[in-house]
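A.B. asks: sharing a model that was predicted from the sequence below.
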Amino acid sequence: MQFIRPLLFRATFWLCMSLLTQQTWCQTFGGLPPSIEWMQINTDTVRIIFPSQLEPQAQRLANAIHYLHQHAQEDIGDKTYKIDIVVNNQSTIANGSVSIAPWRSHFLTTPLQDNFALTSMPWLDLLAIHEYRHVTQLSTARRGIVKLLSYLFGQESWAGGANLSIPNWFTEGDAVWAETEFSNQGRGRVAHFLQGYRAFDNEGKRYSYAKARNGSIKDYVPDHYRLGYLLLRHGHEQYGETFWKRVLMESSAYKGILYPFSNAIKRKTGLNTRELYHQMLDEVDLSLNLLPESRGTDEILPTANPTIFTDYLHPYFYAIDSSLIYFKRTYEKIGAFYAFNLASGREERLLTRGIGIEPYFGHANGLLAWTELTTDSRWHERDYTDIITYDIRKNVRKRITRKMRYFSPQPDSAGVRIICTNVNEIGESSLHLLNAQTGEILKIFQHPGWFYTFPKWSHDSQAVIAAVRDQNGHMGLVSIDIETGAERELFPMRNKILGIPAVNAKEVFYSASTETLENIFATDLITGSTRQITEEANGAFQAALSPDGLYYTTFTSNGHVIRKTAEIGRTNSGQVQGDYEFNVERNMLDSFPKLNYSVKDYKQWRHSFNVHTWGLNIDDPEISARILSNNVLNNVELSAGVTYDYDRQIYRPFAELQIATFYPTIALQASTIKRSAIIEDRPQNWREVNLFAGALVDFNLMSRSFQRTLTPLLGYNRTGLTGDIDTSI
């Protein structure tokens, strides 16, 4: 029977590849604590599973998904399958995913602080548009041979077929295009999003399609979100609104087994994917052709052209020894804090930063403060961001909070207090005033509907100035009196993005979006008048004040650099665009209905089993016919079937079950097999039954720059023999 092996390998090629090509971020098995009271909104279009305290957010999501289902899929697909969405409020990470095998989506509810990274639009609205676009894409991809295989073998074949036929730049680029087309913002409207390609344009650099598609471990290459958005936008503009829909349908149906996506593009345009990429770069114009003198007067760091990609981020002027404090990371070294003496030109590494969500840190008079990420040792989907401080003069690192959800800490000038943002589990944002030594909460400031980002102290430490965004995604600058809590508007709410503030006695400096790029502006603390400070060729960010000027960062193809301008006493010669707002032709967010959907309990035990895949699996010399089941909350997993060993021509039925709804994960296994042998010149036949029951705990031990795992297991294994074998042997 050995001759059938090549045939079996070819027949199960799709199944094997589906396991290898599933490239979706998803939940950790058994990562959600059992204390969550789960509720559900279940309709013909979507089932939203959410913690009980998030009912208003779930209602908004249900209305958004239904509206998108009806009004936002005709340009990319012809069908959308019902999907389960799990809303997770236990994590401080901003993310979302759609996965196949099983078919589900996962929304993490805590937004980023950095508004330029994911815009300032309401976070769950952004997730709804972006992730539901993936639902439509993958639903459309289930056609032709992929649909047939999904009937024969289940969802793993669907996943494998979709991932083999559709490049990831298409799925993510189309989702970003949808954000931009259907909302009042979206990453496509934010110049910061395309700063990598703009740097290439400014410097006359262009990579091959293969490098742009696959990335590099040596050179900076913009990721597939950015590549995809530019290609998707180009396709819509040049070939019509249904161009990508037709490409997706034909490639998913495998009209042309090899390179079906490129072949579909070729049939519609006469160009393959590589040629379309170069056509897009020839026609897109991201460079503003600014004169060199419009940039910072001095480039401070790096002092020489780096040979590897290096980021210099978040500079602060340290007056005691006239140095710059900043965060630096390269492709060869993990991120650390550094001090650069402006007089001697000497750089000193201060300390390595631990694992964190973003590189931001606060500084005042030698005291650094930042947040580091830790996960619950057992429930891995629950994590925290706690504040760490470092005193440069004493060389003392200290963790001042435990199991909190803090972001963007900033010490006051005396090093006594820290102001930071807090986002609780129901999505409410507030400012917490802390004791800088103990982490004790001294005061809490909150305004309903506001999301606070990057708070900074006023010049006299009597007030805090923060960039805030409202429930519409509009942003403004506010000042909060520390003693009274009184709020004062410095810059009115507008449909634009504001960055990290820097404050002196007269003005607040910050990055803001304009019609072309993000640049640094200054708003008078008394009159509210606004003027433009920089006019950089690729945007200016992270303003830091010193007695003789202003430091800031801008992006090049070799990383972020730190520049300085001394001309902060007058408006830059460029056009002042302080009143600019994003120009929006249509905003679906305003059209989402406000229906009140029925809410019911979600009983986990009723939904423990969710068979999603069946069929064959090969592990030479064995072939297994099996079913796979994972529930939507990803805490019950079942595998059952029968394995055939074609060398020995024997069958082995088996079943494996893991239940992770308890503190220890319960593992159960059972299998049986017929065996035979010649013992002492006599043929012996018997049946072997193997039973296993055990408990294990998958500990995640994260600290500083290290992530460790420990999985102790306690189990009982019993093997029973029946038949004519002498069990005493």
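C.D. replies: Yep, that arrived.
A.B. asks: okay, now the unreliable bits of this structure?
C.D. replies: 1-27, 287-297, 569-579, 725-729 (pLDDT under 70).
A.B. asks: any idea which element Glu237 lies in?
C.D. replies: helix 224-239 (DSSP states H and E).
A.B. asks: quick one: buried residues of that helix?
C.D. replies: Of the residues in helix 224-239, 224-236, 239 count as buried by neighbour count, 16 or more other CB atoms under 10 Å. C-beta here means a position set from N, CA and C on the backbone, and glycine is covered the same way.
A.B. asks: again, but for stretch 530-550
C.D. replies: 530, 532-546, 549-550.
A.B. asks: and stretch 548-561, what's buried?
C.D. replies: Of the residues in stretch 548-561, 549-561 count as buried by neighbour count, 16+ other CB under 10 Å.
A.B. asks: same deal with stretch 316-327?
C.D. replies: Buried residues in stretch 316-327 (16+ other CB under 10 Å): 316-318, 323-327.
A.B. asks: try stretch 324-342
C.D. replies: Buried residues in stretch 324-342, counted by 16+ other CB under 10 Å: 324-329, 335, 337-340, 342.
A.B. asks: of those residues, closest to Arg488?
C.D. replies: Ile325 (29.8 Å; CB to CB).
A.B. asks: any idea what that closest one is bridged to?
C.D. replies: Beta bridges link Ile325 to Tyr316, Ala339, judged by DSSP bridges.
A.B. asks: might you report the residue contacts of it?
C.D. replies: Applying CB atoms under 8 Å, 6 or more residues apart in numbering, we find Ile325 in contact with 315-316, 318, 337-339, 350, 363, 368, 392.
A.B. asks: can I get the residues you listed in a markdown table including distance to Trp450?
C.D. replies: Converted to a markdown table, the contacts of Ile325 look like this (distance: CB to CB, whole Å):
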| residue | distance to Trp450 |
| --- | --- |
| Pro315 | 28 |
| Tyr316 | 26 |
| Tyr318 | 32 |
| Phe337 | 30 |
| Tyr338 | 34 |
| Ala339 | 35 |
| Leu350 | 34 |
| His363 | 25 |
| Leu368 | 27 |
| Ile392 | 33 |
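A.B. asks: between those, which is closest to Asn495?
C.D. replies: Closest approach between these and Asn495, by CB to CB: Pro315, at 29.2 Å.
A.B. asks: now do the helices in the stretch 1-150 of the chain.
C.D. replies: Under the criterion DSSP state H, counting those that start in this stretch, helices of the stretch 1-150 of the chain are mapped to 5-11, 13-21, 55-71, 115-118, 123-141, 144-153.
A.B. asks: before we move on, what about the stretch 201-350 of the chain?
C.D. replies: Under DSSP H, counting those that start in this stretch, the stretch 201-350 of the chain gives helices at 209-214, 224-239, 243-252, 260-269, 273-283.
A.B. asks: looking at the ones you listed, which is nearest to Thr643?
C.D. replies: helix 243-252 (32.4 Å).
A.B. asks: and Gly427, how many neighbours?
C.D. replies: 18 (other CB atoms under 10 Å).
A.B. asks: ramachandran angles for Pro664?
C.D. replies: phi -90, psi 140 (degrees, to the nearest 10).
A.B. asks: what sits closest to Arg233 if chain neighbours are left out?
C.D. replies: Spatial nearest neighbour of Arg233, chain neighbours left out: Trp177 (6.1 Å); criterion: CB to CB, 6 or more residues apart in numbering.
A.B. asks: who touches the one you found in this structure?
C.D. replies: 188, 229, 232-233, 236.
A.B. asks: centre-most residue in this structure?
C.D. replies: Nearest to the geometric centre of the chain sits Asn95, at 4.0 Å (CA atoms, centre = their mean).
A.B. asks: phi, psi for it please.
C.D. replies: When read as degrees, to the nearest 10, the backbone of Asn95 gives phi -160, psi 170.
A.B. asks: excluding covalently adjacent residues, which one is nearest to it?
C.D. replies: Leu108 (4.8 Å).
A.B. asks: need the contact list for that neighbour.
C.D. replies: 88, 91, 93-96.
A.B. asks: which among those end up buried?
C.D. replies: Using 16+ other CB under 10 Å, the buried members of the contacts of Leu108 are 88, 91, 94, 96.
A.B. asks: let me know the closest of those to Ala304.
C.D. replies: Ala94 (35.8 Å).
A.B. asks: does Asn717 touch Asn690 like I think?
C.D. replies: Yes. Counting by CB atoms under 8 Å, Asn690 is a contact partner of Asn717 at 7.1 Å.
A.B. asks: who has more neighbours, the two?
C.D. replies: The neighbour count for Asn717 versus Asn690, taken as other CB under 10 Å, is higher for Asn690 (15 against 10).
A.B. asks: list the buried residues of the host helix or strand of that one.
C.D. replies: Assigned by DSSP H and E, Asn690 belongs to strand 682-696. For strand 682-696, a neighbour-count test (16+ other CB under 10 Å) marks 686, 688, 694, 696 as buried.
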